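# Attaching a predicted model along with its sequence, questions to come.
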Amino acid sequence: RSAYFSWTKIDIMDQARLKRPASNLKWLWWGLGSFFALLIAFRAGGMSNSLDGQGIGKKVSIIQVSGPILASNEIVKDLESFRKRNDISAILVRIDSPGGLVAPTQEIYEKIKAIKEEKPIIASMGSVAASGGYYIALGADSIIANPGTIVGSIGVIMNYPVMTELLDKVGVEFETVKSGELKDVGSYSRQVTEADRKHLNEMVDDMYSQFVNTVSKNRSLSKEAVIKIADGRVYTGKQSKELGLIDAIGTFEDAILIAGAMGQITGKPKTVQVNKKRPSVLDWFTGNLGQTVSGWFDKLPAYRWRME
C-alpha cells in the first residue's frame with residue numbers, strides 16, 4: 001500500500017512539473033499582440049502624407065529643401081500642389097542644401113520660376129544654400145538669408161577615382177568593348193586621356209555658363225560681374241547681401257512675415273506644410289543610404305558644395 005501511495009505521489013509531482021505555467025503563456029501572447037499592434041500603427045502613420053496647418057483663411061505654405069539634391073519629383077509635386085490651392089497666398093521655400101545634381105536642380109528652379117507668375121514665392125536660407133541650393137533660390141521673388149548662412153559656391157564640380165595602380169597591384173584587368181573612344185569616359189579602370197579631359201571640361205564649362213547666366217539674369221548683375229565672384233568660393237549671408245546675391249538679411253520667421261505681406265495676408269500668417277512620411281523600421285537600418293547614394297553621383301557633374 002505504501003508503495004502504491006508513493007508511486008501516485010511521485011506521478012502527481014511529475015505532472016505538476018511538466019505542466020506549463022498558464023500565467024506566463026498568457027503574458028507572452030499579450031506581449032506579442034501589443035508588439036504587432038504597435039508595429040501596424042507605426043507603419044500606418046508612416047504612410048501618412050498629410051498637411052499641417054489646415055483651417056480657414058489665407059496661408060503661407062512652406063516647402064523644405066534639405067540635404068543633397070538628387071531628385072526633383074517630390075519637391076516639384078509639392079510646389080504644384082500648393083500652386084493649385086486657393087487658400088495658399090504665398091509659398092516659402094526653406095533651403096538647407098549644399099546643392100546636388102544639375103538636372104534636378106534646374107527642374108526645381110524652373111518650377112519655382114513658373115509659380116512666381118501666379119503667386120509670390122520666397123526663398124529662405126538656413127545653414128547652407130550653396131551651389132545648387134543657391135541655384136534654386138534664384139527663381140524666387142526674394143531671397144532671404146541669415147548673416148552667417150553659407151551662400152554661393154557658384155560653379156560645377158565633377159570628380160571620379162582612377163584606380164589603375166591599385167588594380168595592377170591586385171592583378172585585376174578590365175577588358176572594355178566600346179563603340180567609340182569616349183564611351184567609357186570616367187572609368188576608374190583606365191588612365192585619363194587628353195580627349196577625356198577635353199570632353200569633360202567642355203561639358204563642365206557649358207554647365208558653368210548656364211549657372212552664370214542664371215545668376216546674371218535673376219540678380220540683375222552683368223555676366224562679367226558674376227564671373228568675378230563665381231569661382232566656386234562661398235560667402236556669408238552678410239557678404240552675399242553686399243555682393244547682390246541675396247535681397248535681405250533675416251530669419252525664417254522674418255521670411256514668413258514677408259511672404260505673408262507679399263500674399264496680402266493681414267497680421268501673422270498661418271502656415272501649412274507637407275508632413276513627409278515617418279521613418280519605418282527599415283529606414284532605421286538604411287539611415288545612411290542617402291549619404292551613400294550621394295557618393296555614387298560624384299561621377300556626374302553637379303552644382304554642389306562640400307567641405308572636404
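Arrived safely.
# all strands in this protein, in order from the N-terminus.
Assigned by DSSP state E, the strands in the chain fall at 51-52, 59-66, 88-97, 99-101, 121-130, 142-145, 150-152, 234-235, 248-249, 270-274, 302-304.
# Low-confidence ranges, the stretch 151-300 of the chain, go.
Residue ranges of the stretch 151-300 of the chain with pLDDT under 70: 275-300.
# where do the helices sit along it?
Assigned by DSSP state H, counting those that start in this stretch, the stretch 151-300 of the chain shows helices spanning 164-170, 194-219, 223-229, 237-243, 252-262, 281-285, 289-296.
# can those helices go into a markdown table with extra columns for mean neighbour count and distance to residue 103?
For the C-beta atoms, the positions are set from N, CA and C on the backbone; glycine is no exception. Compiled in a markdown table, the helices of the stretch 151-300 of the chain are given as follows (neighbours: other CB atoms under 10 Å; distance: least, CB to CB, whole Å):
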| stretch | mean neighbour count | distance to residue 103 |
| --- | --- | --- |
| helix 164-170 | 11 | 30 |
| helix 194-219 | 15 | 10 |
| helix 223-229 | 15 | 22 |
| helix 237-243 | 18 | 25 |
| helix 252-262 | 19 | 27 |
| helix 281-285 | 10 | 26 |
| helix 289-296 | 12 | 15 |
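# Tell me which of these sits nearest to residue 91.
Proximity to residue 91 (CB to CB) singles out helix 252-262 among the helices of the stretch 151-300 of the chain, at 7.3 Å.
# Pull the contacting residues for residue 119.
Applying CB atoms under 8 Å, 6 or more residues apart in numbering, we find residue 119 in contact with 83, 88, 89, 90, 91, 263.
# what are the phi and psi values for it?
phi -140, psi 150 (degrees, to the nearest 10).
# What separation do you get for it and residue 99?
25 Å (CB to CB, to the nearest Å).
# thinking again about what came up before, of the strands of the chain, which is nearest residue 166?
Closest among these, using CB to CB: strand 302-304, at 24.7 Å.
# before we move on, the earlier item: among the contacts of residue 119, who's most crowded?
When those are compared by neighbour count (other CB atoms under 10 Å), residue 91 ends up highest, at 27 neighbours.
# Run through the bridge partners of it.
For residue 91, the beta-bridge partners are residue 61, residue 121 (DSSP bridges).
# Let me see the contact set for it.
60-63, 79, 82-83, 115, 119-122, 259.
# let's see it at 7 Å
61, 63, 82, 115, 119, 121 (CB atoms under 7 Å, 6 or more residues apart in numbering).
# TSV for the residues you listed, including distance to residue 189 and pLDDT?
Listed next are these as TSV, based on distance: CB to CB, whole Å; pLDDT from 0 to 100:
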residue	distance to residue 189	pLDDT
61	48	96
63	42	97
82	47	96
115	45	96
119	50	96
121	46	97
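# okay if I get those residues as a markdown table plus distance to residue 173?
Shown next, in a markdown table, are the contacts of residue 91 (distance: CB to CB, whole Å):
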| residue | distance to residue 173 |
| --- | --- |
| 61 | 56 |
| 63 | 49 |
| 82 | 54 |
| 115 | 53 |
| 119 | 58 |
| 121 | 54 |
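# I am finished for the moment; much appreciated.
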